[in-house]
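Trainee: generate coordinates for the sequence data below:
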Amino acid sequence: MRGTRDPIVPRAWAEEVARLLPDGRTASVPGAGHTLNCSAPLELARITRTLLA
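Mentor: Residues are numbered from 1 along each chain as shown. From the prediction side, this is the model:
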């Protein structure tokens, strides 16, 4: 997961990491930065629950 305004983790890097994992997937939070737990905690929780289901 990454925010679309994340200055630390570029989208391409996140997608590459996901590709290397057996069940890797990516998710982006529009308008959020790097620390989703601070900038978008509800969206982080929603995406996390979806990925764990």
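
Trainee: okay but residue 8 is in contact with residue 35, surely?
Mentor: No: counting by CB atoms under 8 Å, residue 8 does not reach residue 35; the two are 9.3 Å apart. For glycine as for every other residue, the C-beta is placed from the backbone atoms N, C-alpha and C.

Trainee: and the two? Which one has more around it.
Mentor: residue 35 (13 against 10; other CB atoms under 10 Å).

Trainee: which strands and helices sit next to the longest helix seen in the chain?
Mentor: In the chain, with assignment by DSSP state H, the single longest helix is helix 41-52. Using 3 or more CB pairs under 8 Å, 6 or more residues apart in numbering; DSSP states H and E, the elements in contact with helix 41-52 are strand 28-29, helix 36-39.

Trainee: contact partners of that helix?
Mentor: For helix 41-52, contacts defined as CB atoms under 8 Å, 6 or more residues apart in numbering pick out 1, 25, 27, 29, 32, 36-37.
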